[in-house]
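> coords please:
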Amino acid sequence: MNYDVAIIGAGMSGLAAGIRLAHFDKKVCILERHHRVGGLNSFYNKDGRQFDVGLHAMTNYVPKGTKSTPLPKLLRQLRLRYEDLDLCQQRMSMVRFPGRTLRFTNDLGFFVGEVSQQFPQQADNLQRLLKHISEYDELSLQAKPLSARQVVNGIISDPILADMIFCPLMYYGNAQEHDMEFAQFAIMFKSIFCEGFARPRNGVRHILDLLVRKYRECGGELRTRSGVRTIGVSGSRAQSLVLEDGEVLTARNVLSSIGYVETMNLLSQRDAPASGLEAGQLSFVESIMVLDRQPSELGLDTTIVFFNNSDRFSYRKPNAPIDTASGVICCPNNFHYDSPLPEGMIRITNMASFDRWNSLSQEEYGAQKKACMKAALEAAVEVVPDFRRNIMSTDMFTPRTIYRYTGHLNGAVYGSPRKIRDGRTHLENLFICGTDQGFLGIVGALLSGISMANLHLLRV
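Model (predicted):
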């Protein structure tokens with residue numbers, strides 16, 4: 001078969017790119033090696049329950065009618081209605097450090113007031129930071145890398161406040177240890193503090209079903225269980241795609257959403273230009289607990305808690321299988337739904353080491369999961385009301401799980417620490433979208449697919 005565009009990976013960015021291209025009558029095929037779409041943001045079923053993977057909340061929430069922000073932009077580009085997303089706003093989230101708590105909602109003014117109350121000497125500095133962020137073009141594809149730590153520390157003089165600002169931004173969209181690129185900092189700051197959190201009532205599956213349905217309505221072809229084994233290269237072009245079952249496809253252009261290094265590893269011919277990016281190292285463990293009641297009945301009415309229990313916040317690959325010094329506690333029940341979800345649920349995310357998990361035997365792996373879940377729970381109940389007696393069922397996914405189901409080297413959720421903002425590779429018809437292009441999160445991934453399709457494959 002021959003296509004105008006072959007897209008590798010049916011994650012958010014791949015699906016969005018496919019919809020955009022199919023709108024303009026391109027013959028498009030999305031190739032997904034698993035039986036289910038979604039990639040880093042998918043779902044699975046266990047014991048009659050559906051569990052989300054990846055999605056805690058969609059960032060970039062704005063009310064219907066808001067203009068010139070990422071969410072309405074992607075809706076226009078994908079020709080979707082605001083109501084199609086079925087979004088429910090968060091109640092309230094917080095960043096909690098020893099002796100300090102900053103609450104935030106989907107109203108930036110509330111967060112500004114919290115900073116003014118908790119850090120009165122930094123109120124003017126926060127306004128300076130907000131002004132700097134608002135004037136910075138974080139979406140420029142030609143922006144030069146700039147240290148966010150350097151910029152923020154030059155404005156915010158209290159290191160604890162700086163750490164509290166960085167904590168949620170790093171956990172929800174940063175591939176770099178200790179620091180982050182300032183453009184990504186600005187994107188994440190706006191998406192979390194200036195805009196906000198929301199969640200589809202039925203979780204990530206609702207978004208995926210919506211995207212797949214739209215893509216197929218536009219005439220796009222989706223092939224699951226169709227992993228790409230090799231990208232055939234001739235001269236300066238990708239010439240063919242050899243699937244894992246031996247079938248050969250051809251396409252005028254190839255758009256890959258599986259990561260830069262992962263894509264380069266598929267090439268039939270490797271050369272120096274193909275080795276310019278390092279694989280990511282940052283991965284996570286997520287513990288999932290089903291409760292016998294709503295979390296709010298136990299006094300846990302916050303939507304998401306970003307916590308750090310040490311003197312300073314450290315964001316780096318741990319030496320141990322799990323690092324419980326910081327983490328994220330998400331309560332999917334605590335969004336503004338019309339009616340409560342049928343069961344209570346809590347999800348705890350901690351940084352983890354792929355190397356440590358990958359080296360374990362199957363027996364050791366099971367034992368380590370139990371030990372790490374126990375440690376994650378002990379750290380969490382230092383921050384929120386103790387819910388351990390109300391747990392009915394548990395599950396956990398690890399960096400090894402992430403690698404198995406996404407193919408991301410090292411289970412790196414956010415890919416390489418260095419991004420390819422314009423999506424170009426050394427081959428003239430092979431492009432990158434998604435994690436290693438640099439727009440992260442669900443809304444960011446969707447915009448990445450849209451932007452790369454527009455820039456390279458539609459010229460609009």
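> Nearest spatial neighbour of residue 441, chain-adjacent residues omitted?
Distances taken as CB to CB, 6 or more residues apart in numbering place residue 59 nearest to residue 441, at 5.0 Å, with adjacent residues excluded. Where you see a C-beta, it was placed from the backbone N, CA and C, and this is true even at glycine.
> residues contacting that neighbour?
Contacts for residue 59 (CB atoms under 8 Å, 6 or more residues apart in numbering) come out as 172, 188, 191, 192, 195, 196, 197, 441, 442, 443, 444.
> Any idea how many residues pack against the first one?
Okay, so that is residue 172. 22 (other CB atoms under 10 Å).
> all helices for this protein, in order.
Per DSSP state H, the chain carries helices over the ranges 12-23, 70-78, 108-118, 123-135, 148-153, 159-171, 182-189, 204-217, 260-264, 354-358, 362-380, 399-406, 441-452.
> Any chance of CSV for those helices, columns distance to residue 42, mean pLDDT and mean neighbour count?
CSV is the format used below for those (distance: least, CB to CB, whole Å; pLDDT from 0 to 100; neighbours: other CB atoms under 10 Å):
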stretch, distance to residue 42, mean pLDDT, mean neighbour count
helix 12-23, 10, 97, 29
helix 70-78, 19, 95, 19
helix 108-118, 31, 97, 16
helix 123-135, 32, 96, 15
helix 148-153, 29, 97, 17
helix 159-171, 19, 98, 23
helix 182-189, 22, 93, 24
helix 204-217, 7, 96, 19
helix 260-264, 17, 95, 23
helix 354-358, 19, 97, 19
helix 362-380, 20, 96, 16
helix 399-406, 7, 92, 21
helix 441-452, 11, 94, 27
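> Now distance to residue 422 too, for those, in TSV please.
Shown next, in TSV, are these (distance: least, CB to CB, whole Å):
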stretch	distance to residue 422
helix 12-23	15
helix 70-78	18
helix 108-118	30
helix 123-135	22
helix 148-153	21
helix 159-171	23
helix 182-189	13
helix 204-217	24
helix 260-264	12
helix 354-358	29
helix 362-380	39
helix 399-406	24
helix 441-452	9
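> wait, which of those helices is closest to residue 225?
Nearest of the helices of the chain to residue 225, taken as CB to CB: helix 399-406 at 13.3 Å.
> how big is the angle separating the closest one from helix 362-380?
110 degrees (axes from the mean of the first three to the mean of the last three CA atoms, to 10 degrees).
> which residues touch helix 399-406?
34, 39-40, 42, 53, 258, 283-285, 352-354, 357-358, 365, 408-411, 413.
> let's see it at 6 Å
The contact list for helix 399-406 (CB atoms under 6 Å, 6 or more residues apart in numbering) reads 39, 40, 283, 352, 354, 357, 358, 411.
> Kindly report the same for stretch 320-338.
Residues lying outside stretch 320-338 but in contact with it, judged by CB under 6 Å, 6+ apart, are 56, 88-91, 171, 199, 201, 285, 294-295, 301, 303-310, 341, 344-353, 356-357, 368, 372, 375-376, 379-380, 384.
> Keeping just the C-alphas, turn it into CSV.
C-alpha atoms of stretch 320-338 as CSV (Å, rounded to 0.1, in the frame of the first residue of the first chain):
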residue,chain,number,x,y,z
ALA,A,320,16.8,3.3,44.3
PRO,A,321,13.8,1.7,42.6
ILE,A,322,11.6,4.5,43.9
ASP,A,323,12.0,8.0,45.5
THR,A,324,9.3,8.8,48.0
ALA,A,325,10.9,12.2,49.0
SER,A,326,8.4,13.8,46.6
GLY,A,327,5.5,12.8,44.5
VAL,A,328,2.0,13.5,43.2
ILE,A,329,-1.3,12.3,44.9
CYS,A,330,-4.3,12.5,42.5
CYS,A,331,-7.9,12.0,43.4
PRO,A,332,-9.9,11.4,40.2
ASN,A,333,-13.1,11.7,42.3
ASN,A,334,-12.4,15.4,43.2
PHE,A,335,-13.4,17.1,40.1
HIS,A,336,-16.8,19.0,39.7
TYR,A,337,-18.9,16.1,38.3
ASP,A,338,-22.7,16.2,38.0
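> Go through that stretch and flag the buried ones.
321-335 (16 or more other CB atoms under 10 Å).
> give me the low-pLDDT residue ranges for this structure?
Low-confidence segments of the chain (pLDDT under 70): 271-276, 460.
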